[in-house]
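S.K.: My questions are about this predicted structure, shown below with the sequence.
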Amino acid sequence: MKKNILMVVAAMVTAVILSGCGEKVKPGVQAVKREQVSGISVRTVTLAPIDEYYETSGTVRAKTVSTVASRMMGTITSVQVKEGDRVIAGQLLLTVDDSDTAMKVKGASEGHQETLRALEAARENRNLKEITWQRYKKLYDEKALSRQELDQIETQKKVAALDFERAQAAVNRVEAGVSEAKIYQGYARVKAPISGMVTGKKAETGSMAVPGMPLLTIEDTSAYRIEVNADEKLSGRIRPGMETRIRIEALAGEIKGVITDVVQSIDPASRSFLVKIALKNPVQPDKQPDSQRDENAYKQIHNQVYSGLYARVKIPVGRKDVLSVPKGAVVEKGQLTGVYTVNAANIITYRLVRIGNSADDSVEILTGLNPGDKIIVSGLDKAVDGGLAVIQQ
């Protein structure tokens, strides 16, 4: 039985072998048909110098912050503003009980009236003594009066003149006292020192105002800046006037900034120093420059800026040679980032790359490309991996 089964298997194997020898495969390489891709343009990748940036984080601060306090002690009788209100310079913010200062002003005013009456009396007495002296002088010239009598009248005239001067000085002193009392009474009306927004409020009606104790905080909303801490190794390399790139996480787009102050003092705890950056104008590298559009974009972004926002700042610290490609040439497929390359045979290949920093309309390529490689920079929507490129001249 086993012998019969083996014979059947052998016969089947022989039949298969004989049937396979019926047609022979010709030797050689079979041509691959590739899809032709037209309407694209390529660029050769080369090393190019770009700015090297130091990237750090910072916080948006108002350029001017005013802490408002009372200059007199007293009970707060009214508060005219709340947090978030916009105020203008000179606007009334709150009032303090001024009943005691009002009495001082009243007393000083009455004293002023009294000194004015005394001054008028002194003036009349001085004028009388002057007229009397002139009469006695005429009699003396006519030899009808002795020299001693004339000296007595002349002395009375001088005394009257001195009394008038003392009365005038008294009036000046009292007027100064009245002005001082009125100024002190004015401290009961606390006004805004600058225009801006009320961002802090510690004053409530009925609470006590103490000289120097903060009651309100006002921030000037017309100008903001970014404060960042830079690593100590960059000391001397960061200078006022340098332009920076700022991205505020809560807003869309980038803003240019210019360094205004560099505090040359290292914090021993963080080994860093403070850099202050003023906001300048927007950056839109993916579009053609348009000054009016940029100005409008800047105003729109600036109106949304307020203190405390988190910001990322790039500070140029030098230049280096890197491989860079246009931002539009980078194609993302899901979690993959790559570019379409074209080899010497014009075959298109999607090559994975790792990108680095971006500047203006280009992006740095860290790995995946070499100098001399050709990449597709336009017509990317037509590119097909493995296709045959018909390159536009």
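M.R.: Cool, the structure landed. Computed from a predicted structure; not experimentally measured.
S.K.: Quick check: can you list the domain ranges of this structure?
M.R.: With domains defined by automatic domain parsing, the chain comprises 37-49+323-391, 51-63+221-318, 74-96+189-219, 98-187.
S.K.: Now mean pLDDT too, for those domains, in JSON lines please.
M.R.: Output for the domains of the chain, formatted as JSON lines (pLDDT from 0 to 100):
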{"stretch": "domain 37-49+323-391", "mean pLDDT": "86"}
{"stretch": "domain 51-63+221-318", "mean pLDDT": "80"}
{"stretch": "domain 74-96+189-219", "mean pLDDT": "92"}
{"stretch": "domain 98-187", "mean pLDDT": "89"}
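S.K.: wait, isn't A203 in contact with T77?
M.R.: No. Taking contacts as Cβ atoms under 8 Å, A203 lies outside contact range of T77: 10.9 Å. To be clear about C-beta, it is placed using only N, CA and C from the backbone, and glycine gets the same treatment.
S.K.: Show me the helices in the protein, by range?
M.R.: Secondary structure of the chain by DSSP state H: the helices cover 2-20, 99-141, 147-186, 291-302.
S.K.: CSV for those, including distance to P316?
M.R.: What follows is those, written out as CSV (distance: least, Cβ to Cβ, whole Å):
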stretch, distance to P316
helix 2-20, 72
helix 99-141, 58
helix 147-186, 51
helix 291-302, 20
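S.K.: Q264: which of those helices is closest?
M.R.: Among these, the nearest to Q264 by Cβ to Cβ is helix 291-302 (29.2 Å).
S.K.: check contacts around G107.
M.R.: For G107, the contact set (Cβ atoms under 8 Å, 6 or more residues apart in numbering) comprises A181.
S.K.: Return the distance of it relative to T101.
M.R.: Going from G107 to T101 by Cβ to Cβ, to the nearest Å gives 11 Å.
S.K.: Overlap in contacts, these two.
M.R.: Joint contacts of G107 and T101 (Cβ under 8 Å, 6+ apart) are A181.
S.K.: which phi and psi does A252 have?
M.R.: phi -100, psi 140 (degrees, to the nearest 10).
S.K.: burial count for it?
M.R.: 10 (other Cβ atoms under 10 Å).
S.K.: Distance check, the nearest residue to K182 once chain neighbours are set aside against G186.
M.R.: The shortest distance from K182 to any non-neighbouring residue, by Cβ to Cβ, 6 or more residues apart in numbering, is to V105 (5.6 Å). Using Cβ to Cβ, V105 is found at 10 Å from G186.
S.K.: Looking at the two, which one has more neighbours?
M.R.: Using other Cβ under 10 Å as the criterion, V105 and G186 rank with V105 on top: 19 against 14.
S.K.: V96 versus that one, what's the distance?
M.R.: 15 Å.
S.K.: go on, R173?
M.R.: Taken as Cβ to Cβ, the span from R173 to V96 is 28 Å.
S.K.: Comparing these two, which residue is more hemmed in?
M.R.: V96 (22 against 13).
S.K.: how much space between that one and K82?
M.R.: 18 Å.
S.K.: Check L92 too.
M.R.: Taking Cβ to Cβ, one finds L92 at 14 Å from K82.
S.K.: cool, A161 as well?
M.R.: In terms of Cβ to Cβ, A161 sits 61 Å off from K82.
S.K.: Quick one: the strands in the stretch 251-393 of the chain, in order.
M.R.: Assigned by DSSP state E, counting those that start in this stretch, the strands in the stretch 251-393 of the chain fall at 254-262, 272-283, 310-326, 331-333, 336-342, 348-352, 354-359, 362-367, 374-378, 388-391.
S.K.: just the angle between the first one and strand 310-326, please?
M.R.: Put plainly, it is strand 254-262. Interaxial angle, strand 254-262 versus strand 310-326 (axes from the mean of the first three to the mean of the last three Cα atoms, to 10 degrees): 120 degrees.
S.K.: before we move on, back to that, now for the strands of the stretch 251-393 of the chain, which one comes closest to E52?
M.R.: Closest approach to E52 among the strands of the stretch 251-393 of the chain is made by strand 310-326 (4.5 Å; Cβ to Cβ).
S.K.: What is the closest one packed up against?
M.R.: strand 47-62, strand 224-231, strand 243-248, strand 354-359, strand 362-367, strand 374-378 (3 or more Cβ pairs under 8 Å, 6 or more residues apart in numbering; DSSP states H and E).
S.K.: Report the buried residues of that strand.
M.R.: Neighbour-count burial for strand 310-326 flags 311-316, 322-325 (criterion: 16 or more other Cβ atoms under 10 Å).
S.K.: wait, doesn't E254 sit right on E243?
M.R.: No. Using Cβ under 8 Å, E254 is not in contact with E243, being 11.9 Å away.
S.K.: So those two - more neighbours on which side?
M.R.: E254 (17 against 14).
S.K.: can you pull up the bridge partners for the more buried one?
M.R.: On the basis of DSSP bridges, E254 takes part in beta bridges with R247, V283.
S.K.: likewise V363?
M.R.: V325, S358.
S.K.: can you tell me which residues contact it?
M.R.: Applying Cβ under 8 Å, 6+ apart, the residues contacting V363 are 324-327, 330, 355-357.
S.K.: And for T44?
M.R.: Contacts of T44 by Cβ under 8 Å, 6+ apart are 372-374.
S.K.: And L94, how far from M213?
M.R.: From L94 over to M213 (counting by Cβ to Cβ), the distance is 13 Å.
S.K.: quick one, which of these two is more surrounded?
M.R.: Taking neighbours as other Cβ under 10 Å, L94 and M213 compare with L94 leading, 23 against 14.
S.K.: Surely E219 touches T199?
M.R.: Yes. With contact defined as Cβ under 8 Å, E219 counts as touching T199 (5.0 Å).
S.K.: Mutual contacts of these two, please.
M.R.: Both E219 and T199 are contacted by S307, under the criterion Cβ under 8 Å, 6+ apart.
S.K.: Please name the residues that touch the residue lying closest to T75 once chain neighbours are set aside.
M.R.: Closest residue to T75 apart from its sequence neighbours, by Cβ to Cβ, 6+ apart: D97 at 4.5 Å. Contacts for D97 (Cβ under 8 Å, 6+ apart) come out as 74-77, 188.
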